[in-house]
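Participant: need a structure here:
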Amino acid sequence: MKIRERLNRLAAKFYAQMGYVVREEFDFTTSQHPTEKAVYRMAEIAYEEFMGDRPDYAEEENEAQE
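Facilitator: Predicted structure coming up:
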């Protein structure tokens, strides 16, 4: 599973804790809503805390260009 997908799943769990529900394939990275942007950033912060590094999107970007 790609990092962006994993972070979206985690963001959806944070969002659910706030009482909101989104469809499974919802992409928080494309949202303009402040709360949706915030939960995605929270997912990135959680990743950084547990993995000790920032999420690396480069591999996904390379795949998209091919």
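Participant: drop to CA atoms for contacts and neighbour counts, all remaining ones
Facilitator: Fine.
Participant: Mind listing what's buried along stretch 35-53?
Facilitator: 36, 39, 40, 41, 42, 43, 44, 45, 46, 47 (16 or more other C-alpha atoms under 10 Å).
Participant: what's the second one in contact with, if anything?
Facilitator: Residue 39 makes contact with 11, 12, 14, 15, according to C-alpha atoms under 8 Å, 6 or more residues apart in numbering.
Participant: which residues of this protein fall in helices?
Facilitator: Using DSSP state H, the helices of the chain run over 3-17, 34-51, 58-65.
Participant: Including mean pLDDT, could those helices go into JSON lines?
Facilitator: Shown next, in JSON lines, are the helices of the chain (pLDDT from 0 to 100):
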{"stretch": "helix 3-17", "mean pLDDT": "96"}
{"stretch": "helix 34-51", "mean pLDDT": "96"}
{"stretch": "helix 58-65", "mean pLDDT": "64"}
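Participant: Let me have the ones you listed in a markdown table, extended by distance to residue 25.
Facilitator: Formatted as a markdown table, the helices of the chain follow (distance: least, C-alpha to C-alpha, whole Å):
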| stretch | distance to residue 25 |
| --- | --- |
| helix 3-17 | 9 |
| helix 34-51 | 14 |
| helix 58-65 | 17 |
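Participant: Figure out which of the ones you listed is closest to residue 27.
Facilitator: helix 3-17 (6.4 Å; C-alpha to C-alpha).
Participant: thinking again about what came up before, so can I have JSON lines of the buried residues of stretch 35-53 showing distance to residue 21?
Facilitator: Listed next are the buried residues of stretch 35-53 as JSON lines, based on distance: C-alpha to C-alpha, whole Å:
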{"residue": "36", "distance to residue 21": "11"}
{"residue": "39", "distance to residue 21": "13"}
{"residue": "40", "distance to residue 21": "14"}
{"residue": "41", "distance to residue 21": "17"}
{"residue": "42", "distance to residue 21": "17"}
{"residue": "43", "distance to residue 21": "16"}
{"residue": "44", "distance to residue 21": "20"}
{"residue": "45", "distance to residue 21": "21"}
{"residue": "46", "distance to residue 21": "20"}
{"residue": "47", "distance to residue 21": "22"}
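Participant: Sweet, I'm off.
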